[in-house]
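**Q** only geometry, no sequence info:
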């Protein structure tokens, strides 16, 4: 059984939340970490860092990063060191879900790149993921005029890759100003935006497609003002986005009910929330299990009509989607 672990590193002390595509109508779309897209590591016992990029700079008080761990030797624990300093007094457990959060306290007194190392321990030994990041409040200069936003990291119509770099600085003379970020009109609450936050330097994990990113400033007792840019996030075209019209639910992206296919049958699905495992049943019999909210596999089937069910077992119980396929 191949286990994909999506490890979310919450570089802040706020409640964990993340992003998704504008195609999700649910109001909590951008406030839930399990809607993020992060491609799996290609080899067993390896890690893919999805964001922020290795060598980037960010404000550690307002950043969330994502890495994905592939390991068949579950259970897994990990430790974290920054500049050689142990962060946790004892190993942390990934647990039974495919996501978790942890705090990443960069040292604000250190100029230049800081070394961040995760050591993963499984049933057969240890493996590591090391990357570098620099503490920087914002790459943007503060505007010279009052009640103004300098959103300096993106330009209108720009084509970018995920994670998307969002940096800004606000000049606001009013007392206790605060700032907010919206993506496609939905508040994006993963960052420590809020009271007295007028600078940001962070990376947004976004599904491929077109997105509108807005920085909004709120002076206390005054009218808010904002600055927006529209960007096109490039990426793989075969990403399976969970459908948020029904919650909880499993979205099967690669097949339609009643479709005629050839064996092996490509099954790509997404549960869109934390799960203990996701399974494929063929005609009522268990065929495949993975410890991940999203699966992408091929299933060998004999010719004829088959009932295919993708079932997830998570914090909201067991939920599933069933379709029929005709194998020629």
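**A** Received it, and whenever you're ready, just let me know what you need. These numbers were taken from a predicted model, which means no experiment stands behind them. Residues are numbered from 1 along each chain as shown.
**Q** from here on, contacts and neighbour counts on C-alpha atoms
**A** Noted.
**Q** could you point out which element follows the worst-scoring helix or strand of the chain on mean pLDDT?
**A** Across the helices and strands of the chain, mean pLDDT, DSSP states H and E gives its lowest value to strand 4-11, namely a mean of 45. Going down the chain from strand 4-11, the next helix or strand is strand 46-51, by DSSP states H and E.
**Q** who does the very next helix or strand once past that next one touch, helix- and strand-wise?
**A** Moving toward the C-terminus from strand 46-51, the next helix or strand (DSSP H and E) is strand 56-58. Identification of packing neighbours for strand 56-58 by 3 or more CA pairs under 8 Å, 6 or more residues apart in numbering; DSSP states H and E yields strand 125-135, strand 199-204.
**Q** Low-confidence bits of the stretch 151-300 of the chain, can you list those?
**A** Scanning the stretch 151-300 of the chain for pLDDT under 70 picks out 189-195, 244.
**Q** residue ranges of the strands in it, please?
**A** Listed in chain order, the strands of the stretch 151-300 of the chain (DSSP state E, counting those that start in this stretch) span 159-161, 164-171, 178-183, 186-187, 199-204, 209-218, 225-234, 251-252, 259-261, 265-270, 275-282, 285-290, 294-299.
**Q** Run through the residues that contact the closest residue to residue 139 other than its chain neighbours.
**A** Excluding the flanking residues, the one nearest residue 139 by CA to CA, 6 or more residues apart in numbering is residue 167, at 6.3 Å. Neighbour list for residue 167: 138-140, 151-153, 199-202 [criterion: CA atoms under 8 Å, 6 or more residues apart in numbering].
**Q** any idea how far residue 167 is from residue 282?
**A** Taking CA to CA, to the nearest Å as the measure, residue 167 and residue 282 are separated by 48 Å.
**Q** now swap in residue 168 and tell me
**A** From residue 168 to residue 282 the distance is 51 Å (CA to CA).
**Q** quick one on the thing from earlier: and residue 87, which of the strands of the stretch 151-300 of the chain is closest to it?
**A** Closest approach to residue 87 among these (CA to CA): strand 199-204, 21.7 Å.
**Q** and residue 321, how many neighbours?
**A** By the criterion of other CA atoms under 10 Å, residue 321 has 16 neighbours.
**Q** go on, residue 256?
**A** Using other CA under 10 Å: residue 256 sits among 11 other residues.
**Q** My read is that it contacts residue 323, right?
**A** Yes - Residue 256 is in contact with residue 323 according to CA atoms under 8 Å; the separation is 7.1 Å.
**Q** Might you report the residue contacts of residue 126?
**A** 119-120.
**Q** how does it look with 6 Å?
**A** residue 120 (CA atoms under 6 Å, 6 or more residues apart in numbering).
**Q** Next one: residue 165 from residue 210, what distance?
**A** With CA to CA as the criterion, residue 165 and residue 210 are 15 Å apart.
**Q** higher neighbour count, those two?
**A** Counted by other CA under 10 Å, residue 165 and residue 210 do not tie: residue 165 has more neighbours, with 21 against 18.
**Q** What residues are bridge-paired with the more buried one?
**A** As for beta bridges, residue 165 partners with residue 203 under DSSP bridges.
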